[in-house]
Each structure stands twice: as C-alpha cells, then as structure tokens.
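Visitor: Turn this into a structure:
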Amino acid sequence: MSVAAPLPASSHRRDGDDEPFLDSRIGAEKGDLLTTNMEQETNTSSYRRKIRYIGSGVKIFGVELSPDNVAVAMVYFVQGVLGLSRLAVSFYLKDDLHLDPAETAVISGFSALPWLVKPVYGFISDSIPLFGYRRRSYLVLSGLLGALSWSLMATVVDSKYSTAFCILLGSLSVAFSDVVVDSMVVERARGESQSMSGSLQSLCWGSSAFGGIVSSYFSGSLVDAYGVRFVFGLTALLPLITSAVAVLVKEQRVLGPARAQNIPFASPSFLESSREHITELWKAVRQPKVFLPTFFIFLWQATPQSDSAMFFFTTNKLGFTPEFLGRVKLVTSFASLLGVGLYNGFLKNVPLRKIFLVTTVIGTALGMTQVFLVTGLNREFGISDEWFAIGDSLILTVLSQVSFMPVLVLAAKLCPEGMEATLFATLMSVSNGGSVVGGLIGAGLTQLFGVTKDSFDNLAFLIILCNLSSLLPLPLLGLLPQANSDSVSNGNEDIEMKIN
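Guide: Residues are numbered from 1 along each chain as shown. The predicted model follows:
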C-alpha cells in the first residue's frame with residue numbers, strides 16, 4: 001500500500017489494424033504485399049475474436065474478462081502476492097545481516113521512497129512513449145526491473161547497502177506499475193457507468209487482496225522450510241507475470257512523427273506541457289481547501305511507529321517462528337478486508353472529523369495492549385502469547401483499515417475536476433511521505449530508548465510514547481472539511497483501496 005490511478009480508454013481498433021503505413025509500400029510487389037498482409041490481418045482478427053468469444057461468457061464482480069481486464073487483474077494480483085517476500089526480508093535483515101531494529105526501520109523507510117513521487121511516473125508514462133507504447137512498454141520494463149532486483153537479492157546481495165538498493169529497485173518496480181495500471185483503470189472507468197466503475201475497482205481490489213492472502217499463507221512456511229534466499233528467488237519470478245500480461249493490453253501504437261515528437265525531453269512541446277502541468281498542479285495544491293487537509297493527513301501519518309522493535313521482540317524474545325508470523329499475516333489480510341467492509345457498510349455517512357477522532361482515540365487505547373505482550377501480563381490472564389498476538393493484530397488491523405479509508409475519501413474529495421488522477425496521486429504521495437517520516441522518527445526513538453535486537457527493557461515505554469503521539473494531530477481536526485464522507489462525488493467509486 002499503500003499505498004492511485006487506472007487505463008487510457010483503450011482504442012476499439014484491433015491490433016491487426018495498426019498498420020497505417022501499409023499503403024505507402026509502393027512497388028512492383030504492392031499487390032502481393034497487400035494480399036499477404038490482408039491474410040495475416042484476417043488471421044489475427046479471427047484469433048482475437050476467438051479470445052474475445054472465450055472470455056465473453058466469464059465475469060468476475062460483474063466485469064467481463066476481456067484481455068484488457070485480465071491484464072489489469074493480473075498486475076494487481078502480482079502487487080498483492082509480492083508480499084511473499086516481506087517476512088523473508090525482515091528475517092534476512094535480522095538474522096543474516098544482524099541489524100538492529102533502528103537500522104531495519106531506516107531501510108524500510110528508504111525502500112518506500114519511490115512511492116513519494118508517483119505523479120512523476122504517471123507524467124512520464126503519459127508523455128513519453130517507450131517503443132511506441134505508453135502502457136505496455138512500461139509494464140514490461142517494471143516487471144523486468146522487479147525480477148532483476150529480487151534475483152540479486154537471491155544471489156549476490158550480502159550487505160545492508162546492497163540490500164537497501166535492491167529493495168529500492170523492487171519498490172520502484174511496483175510503484176511504477178501501480179501508477180500505469182491505475183491510469184488504465186481510471187481512463188476505462190471514465191467512459192463507464194458508476195456501477196461499472198465500482199465493479200472495475202472491485203476487480204482490482206479483489207485481485208490484490210487475493211494475492212495478499214495467497215502470499216500471507218505461504219510467506220512464513222517457505223522461509224521456515226527453504227530459507228530466505230529461496231523465497232527471494234521465487235519472488236523474482238512474480239514480476240515477470242506483469243511483463244507477460246502487458247501484451248494483452250489493447251493500446252494503439254504511436255508511430256512515425258508523433259512518436260518522435262514525444263520522446264526528446266528537450267523538445268519545446270514537451271517542456272511547455274511540463275511547465276503547464278506543474279503550474280496547474282501547484283495552483284491546485286496551494287489552495288487552502290486542498291493544502292490544509294493535506295497537511296493534516298501528513299501529520300496524522302507522520303507519528304512514530306514501533307513496528308520494527310516489536311518484530312525483533314516477538315522473534316528474538318518470544319520465539320515466534322516464520323510459519324507462525326505467516327499465519328498472523330494471513331489473519332491480518334482477512335482483517336483488512338473486514339475493515340473495508342465495515343467502513344462501506346456502516347461508516348460512509350459519518351463525518352470525516354468524527355471518524356478521525358474516534359478511530360485515533362480508540363486506536364491509541366488498543367495500541368497500548370502491546371504493552372501486555374511485552375510485560376507478560378497476558379499470561380497472567382491465561383492468554384498465551386500466540387493467541388494474544390493473533391487477536392491483537394486482528395483488532396488493530398481492522399481499526400487501522402477503517403481509519404485509513406477516510407484518507408482515501410478525503411483525497412478524492414479534494415481533487416478538482418480535470419486533475420483527479422494527478423492530484424490524487426500527489427496526495428497519496430504526501431500520505432506515504434508522512435508514513436516514511438513516522439518510520440524514521442520511530443527508528444530514532446528506538447535508538448534513543450536503547451532497544452536493540454537483544455535488549456527490550458525500554459520497549460514498553462517506546463510503545464506508550466508512539467501510541468500517545470498519535471493523539472498530537474487531533475487539535476488540528478479543524479483543518480478538515482465538515483462535510484460527510486458521502487458527499488464526495490461519484491469519483492469515490494474510483495478510489496484506490498490498496499494498502500502500500
């Protein structure tokens with residue numbers, strides 16, 4: 001998730017028709033060439049009609065499984081299933097590189113940097129066709145980059161610096177493909193009814209959630225059985241799915257002079273469009289009704305976190321195995337879906353300010369329950385560490401998802417007409433930036449409190465401080481609009497509902 005946009009309205013022309021220069025091949029063999037090409041075009045069209053006919057009877061979430069939609073669903077599935085490597089990375093940093101919790105938190109924050117500049121990827125994809133395509137080429141490139149990063153992790157990486165670099169490449173791969181495929185969905189939904197737009201988002205979210213559930217189930221057991229290097233090698237195969245399904249994307253190729261004009265960065269048209277794009281974005285962001293709520297979101301996300309320290313405690317002190325932590329991840333994956341359902345079913349009509357206030361206060365109180373696990377109080381009540389960890393993670397994940405949904409709603413509400421995709425990506429980048437800052441502050445506090453891979457004497461105080469700090473942004477709730485979340489326009493159906 002974290003932490004987008006959706007597909008340029010696909011042309012209804014078949015790829016077999018993408019030969020605009022066919023009649024320029026003038027020569028003695030013109031008739032033969034034309035006949036041959038027509039035969040090939042007929043065969044290609046027939047083949048695509050067969051594919052379209054095969055998929056026409058199959059629907060998921062009310063969306064027909066056309067080649068385009070299959071490609072979109074598979075890219076989202078890959079984004080979810082890449083969670084396979086998360087536990088492996090955590091154990092690799094802890095056990096193989098022997099890093100402390102603070103160092104692990106810094107590397108985690110560093111790996112999130114590509115998510116802070118998502119609008120840049122969208123602008124590059126829209127403005128600079130690669131090999132004649134604005135979507136296909138970048139999906140292929142993203143998949144190859146992801147495969148390279150995890151292949152290096154599985155083979156030659158052996159230091160914290162090379163590890164951070166490879167994780168950064170993998171994160172860049174996912175972030176770029178996320179922006180490209182989101183732009184595809186946005187453009188597709190723009191020409192559809194509100195019901196179909198919601199169905200498209202359901203397909204995307206369902207595919208990502210299914211991938212997350214699959215990866216959660218296997219992430220821990222594979223680390224236990226085969227080791228982290230094996231998991232990294234297996235993960236390297238997953239981004240190749242993104243590259244493979246790129247051929248299913250129906251996109252008209254940019255040929256001839258049009259392509260040449262779009263490639264050079266120094267061309268006057270490119271520079272002029274860039275300036276206009278940045279100027280319009282800045283005008284939108286500097287408006288108080290956009291800037292002030294965005295500032296609140298940043299502060300709300302920038303509160304410190306103690307996740308890395310808790311991971312070291314549960315594995316080094318309590319002896320939780322990778323397989324057990326995989327089960328916990330599986331539970332939290334379902335809990336995340338439950339949180340989305342709870343928000344959509346009961347909380348959509350609640351004012352945004354009230355949701356932020358209530359979820360933050362309750363989340364702070366429930367977050368303190370981790371102190372029970374650290375001090376062993378749960379065992380005095382007859383609750384084992386394992387069951388307490390599962391129950392605690394389930395409740396906190398549901399609440400976290402419920403509290404994050406208003407961020408998405410608010411971001412969509414702030415976007416003015418005509419800049420929905422770009423500004424939404426910008427606001428999500430600001431939100432992701434707040435999370436990175438929170439992680440880095442948490443790393444500093446972890447170091448300050450002396451919490452290491454072997455010493456957890458002050459971990460309870462760290463948890464209490466991190467939880468209480470989440471209350472600090474509440475006096476600024478007045479920066480948020482007073483309107484109910486259901487007053488958001490129909491564009492809410494296109495809100496990205498993925499956790500980065």
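Visitor: how about low-confidence regions in the stretch 51-200 of the chain?
Guide: By pLDDT under 70, the low-scoring segments of the stretch 51-200 of the chain are 51-57, 59-65, 186-200.
Visitor: Kindly recompute the last result at 50.
Guide: Scanning the stretch 51-200 of the chain for pLDDT under 50 picks out the ranges 51-55, 194-195, 198.
Visitor: Tell me which stretches of it form helices.
Guide: Taking DSSP state H, counting those that start in this stretch to define them, one finds helices in the stretch 51-200 of the chain at 67-81, 86-91, 101-111, 118-127, 136-155, 160-190, 194-226.
Visitor: The second one packs against which elements?
Guide: For helix 86-91, the contact count by 3 or more Cβ pairs under 8 Å, 6 or more residues apart in numbering; DSSP states H and E identifies helix 194-226, helix 228-237, helix 322-342 as packing neighbours. (C-beta placed from N, C-alpha, C; glycine too.)
Visitor: CA atoms only: put the next helix or strand after the second one into CSV for me.
Guide: Along the chain past helix 228-237, the next helix or strand (assigned with DSSP states H and E) turns out to be helix 239-245. Coordinates of each C-alpha in helix 239-245 appear next as CSV, following Å, rounded to 0.1, in the frame of the first residue of the first chain:
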residue,chain,number,x,y,z
PRO,A,239,7.1,-9.6,-11.6
LEU,A,240,7.6,-11.4,-14.9
ILE,A,241,3.9,-12.0,-14.8
THR,A,242,3.4,-8.2,-15.2
SER,A,243,5.7,-8.2,-18.2
ALA,A,244,3.9,-11.2,-19.7
VAL,A,245,0.4,-9.8,-19.4
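Visitor: same question for helix 239-245, mean pLDDT?
Guide: Averaged over helix 239-245, pLDDT sits at 92.
Visitor: ok, back up a step: including distance to Trp282 and mean neighbour count, could the helices of the stretch 51-200 of the chain go into a markdown table?
Guide: Shown next, in a markdown table, are the helices of the stretch 51-200 of the chain (distance: least, Cβ to Cβ, whole Å; neighbours: other Cβ atoms under 10 Å):
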| stretch | distance to Trp282 | mean neighbour count |
| --- | --- | --- |
| helix 67-81 | 30 | 23 |
| helix 86-91 | 36 | 22 |
| helix 101-111 | 27 | 22 |
| helix 118-127 | 12 | 20 |
| helix 136-155 | 25 | 21 |
| helix 160-190 | 20 | 22 |
| helix 194-226 | 29 | 20 |
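Visitor: Quick check: which ranges of the stretch 251-400 of the chain have low pLDDT?
Guide: In the stretch 251-400 of the chain, residues with pLDDT under 50: 256-264, 266.
Visitor: ok, for Pro129, nearest residue in space, not its chain neighbours?
Guide: Val254 (4.5 Å; Cβ to Cβ, 6 or more residues apart in numbering).
Visitor: Looks to me like that neighbour is in a strand.
Guide: No - Val254: not assigned to a strand; according to DSSP: H, G, I helix; E, B strand; the rest coil it is coil.
Visitor: residues contacting it?
Guide: Residues in contact with Val254 (Cβ atoms under 8 Å, 6 or more residues apart in numbering) are Pro129, Gly132, Tyr133, Arg134, Asn262.
Visitor: Any chance of a PyMOL selection covering the buried ones in these?
Guide: Only the buried entries of the contacts of Val254 go into this PyMOL selection, using 16 or more other Cβ atoms under 10 Å:
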select buried, resi 129+132+133+134+262
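Visitor: got the contacts of Val254 as a markdown table, with distance to Gln305 columns?
Guide: As requested, these are exported to a markdown table (distance: Cβ to Cβ, whole Å):
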| residue | distance to Gln305 |
| --- | --- |
| Pro129 | 40 |
| Gly132 | 44 |
| Tyr133 | 40 |
| Arg134 | 37 |
| Asn262 | 42 |
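Visitor: Make TSV out of the helices of the stretch 51-200 of the chain and add distance to Ala244.
Guide: Below are these laid out as TSV (distance: least, Cβ to Cβ, whole Å):
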stretch	distance to Ala244
helix 67-81	8
helix 86-91	23
helix 101-111	25
helix 118-127	19
helix 136-155	7
helix 160-190	13
helix 194-226	16
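Visitor: wait, which of these is closest to Ser431?
Guide: Nearest to Ser431, of all these, is helix 118-127, at 10.7 Å by Cβ to Cβ.
Visitor: coming back round to it: looking at the contacts of Val254, which are in strands?
Guide: Counting by DSSP state E, none of the members of the contacts of Val254 fall within strands.
Visitor: if I pick Tyr92, what's in contact with it?
Guide: Thr163, Val228, Phe232.
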